[in-house]
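Undergrad: What follows is a predicted protein model with its sequence.
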Amino acid sequence: MLLFNIGFLSIGIIDVLEILIVAVVIYQIYRLLRGSIAFNIFFGLLSIYLLHFIVEALDMKLLSSLLGTFVGAGVLLLIVVFQPEIRRFLLIIGRGGIFSNGNFWQQFKSGKWESANSGTAIKSLYKALMRMSESKTGALIVLAHSTDLPYFSSTGVNMNANLSSDLILSTFFKNAPLHDGAMIIANNQIVAAKCILPVSDSADIPNWAGLRHRSAVGITEHTDALAIIVSEETGNFSYARKGQLYSKVSIEELHKVLRGSLEI
């Protein structure tokens, strides 16, 4: 059924429906990739494709031949490079995570979840970290930045609770069922606990670092999140950001890091 004409272009109901479907798919891919290294890789590949288009238009035969070989294997290359992201995307679709519980429409309208006051969240998290340090309670807490890390949170137990120091302390209590694994906090809410994170194999990580520290570095290698660790042996604080581990962090530095991560 024809809706209207724009010059030589005819727009029908099927055309509008197709545009909406493509827009939804692109938005979901953006949600999945944003805040991760794959997002930068995607734009790197896009730059190569644009460069290939330009050199072909300018009839640069040598560059066109070199880039053409790369572009010819584009689909296979995309599958190899984005294998984890493709797996996550299919997993989210399979679980109905795109439209479930109104999440899609809420995020499409606002771009983020409704959250508690940042100042209150900082105080609650800081208080919990201090008490866990005093009692030498081991903990790994991930503060999500530009995405709520749906794939990693799906590996644990969903909580979707307001951020409070008592809830954090009870979660990481050594005899609690959720104390193993990581807690993910996004938009000042506790999204999930007992989450499994990728373990980094970086040679820059010191030998004394355990699984918590390597997992903290691993998640920050794949995303733009901040990971905070409380040592079970010493009670010392460490944090990881952009694949780098910062150990024996002072109280003042920790508070500064928390303010920078939660006041977004």
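TA: Happy to help now that I have it.
Undergrad: Going by C-alpha atoms from here, please, whenever you check contacts or count neighbours.
TA: OK.
Undergrad: Could you pull out the strands in this protein for me?
TA: Ranges of strands within the chain are 2-6, 9-12, 139-143, 157-162, 182-186, 189-195, 226-230, 237-241, 244-249, based on DSSP state E.
Undergrad: Which strands or helices does the third one pack on?
TA: Counting contacts by 3 or more CA pairs under 8 Å, 6 or more residues apart in numbering; DSSP states H and E, the secondary-structure elements packed against strand 139-143 are strand 182-186, helix 211-222, strand 226-230.
Undergrad: now the ones you listed in JSON lines, with distance to Ile251 and mean pLDDT?
TA: What follows is those, written out as JSON lines (distance: least, CA to CA, whole Å; pLDDT from 0 to 100):
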{"stretch": "strand 182-186", "distance to Ile251": "20", "mean pLDDT": "93"}
{"stretch": "helix 211-222", "distance to Ile251": "18", "mean pLDDT": "91"}
{"stretch": "strand 226-230", "distance to Ile251": "12", "mean pLDDT": "94"}
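Undergrad: Of all these, which one is nearest Ala57?
TA: Of all the helices and strands packed on strand 139-143, helix 211-222 sits nearest to Ala57, with 36.1 Å by CA to CA.
Undergrad: Can you mark which positions in that closest one are buried?
TA: By 16 or more other CA atoms under 10 Å, the buried positions in helix 211-222 come out as 212-222.
Undergrad: Need the helices and strands packed on strand 139-143 in TSV (columns: distance to Leu125).
TA: As requested, the helices and strands packed on strand 139-143 are exported to TSV (distance: least, CA to CA, whole Å):
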stretch	distance to Leu125
strand 182-186	10
helix 211-222	17
strand 226-230	11
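Undergrad: closest one to Ala193 among those?
TA: Distance to Ala193, taken as CA to CA, is lowest for strand 182-186 among these, at 4.2 Å.
Undergrad: Contacts for the closest one, please.
TA: Here strand 182-186 makes contact (CA atoms under 8 Å, 6 or more residues apart in numbering) with 139-145, 147-148, 153, 163, 190-197.
Undergrad: Run through the helices of this protein in chain order.
TA: Secondary structure of the chain by DSSP state H: the helices cover 13-33, 37-57, 61-72, 74-81, 83-94, 103-110, 118-135, 150-153, 165-172, 211-222, 251-262.
Undergrad: Okay, now the unreliable bits of the protein?
TA: Low-confidence segments of the chain (pLDDT under 70): 1-10, 28-40, 72, 74-75, 77-78, 80-118, 262-264.
Undergrad: so what are the domain limits for it?
TA: According to automatic domain parsing, the chain comprises the domains 2-110, 118-262.
Undergrad: Would you mind finding the most buried of those domains?
TA: Of all the domains of the chain, domain 118-262 carries the top mean neighbour count, a mean of 19, counting by mean count of other CA atoms under 10 Å.
Undergrad: How about Leu63: what's its closest non-neighbour residue?
TA: Nearest residue to Leu63, sequence neighbours excluded (CA to CA, 6 or more residues apart in numbering): Val55, at 6.7 Å.
Undergrad: er, Ala139 actually
TA: Val230 (5.0 Å).
Undergrad: Surely the one you found and Leu140 touch.
TA: Yes: judged on CA atoms under 8 Å, Val230 makes contact with Leu140 at a distance of 6.6 Å.
Undergrad: Just give me the residue right at the centre of the protein.
TA: Nearest to the mean C-alpha position of the chain, counting by CA atoms, centre = their mean, stands Leu149 at 4.0 Å.
Undergrad: returning to that earlier point: closest to Gly243 out of the helices of the chain?
TA: Nearest of these to Gly243, taken as CA to CA: helix 211-222 at 4.5 Å.
Undergrad: CA-only coordinates of that closest one in CSV, if you can.
TA: Extracted in CSV, the C-alpha atoms of helix 211-222 (Å, rounded to 0.1, in the frame of the first residue of the first chain):
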residue,chain,number,x,y,z
LEU,A,211,41.5,-14.7,40.4
ARG,A,212,39.5,-11.6,41.6
HIS,A,213,42.2,-9.3,40.3
ARG,A,214,42.6,-11.1,37.0
SER,A,215,38.8,-11.1,36.5
ALA,A,216,38.7,-7.3,37.3
VAL,A,217,41.3,-6.7,34.7
GLY,A,218,39.5,-9.0,32.3
ILE,A,219,36.2,-7.2,32.4
THR,A,220,37.9,-3.8,31.9
GLU,A,221,39.8,-5.2,28.9
HIS,A,222,36.4,-5.9,27.2
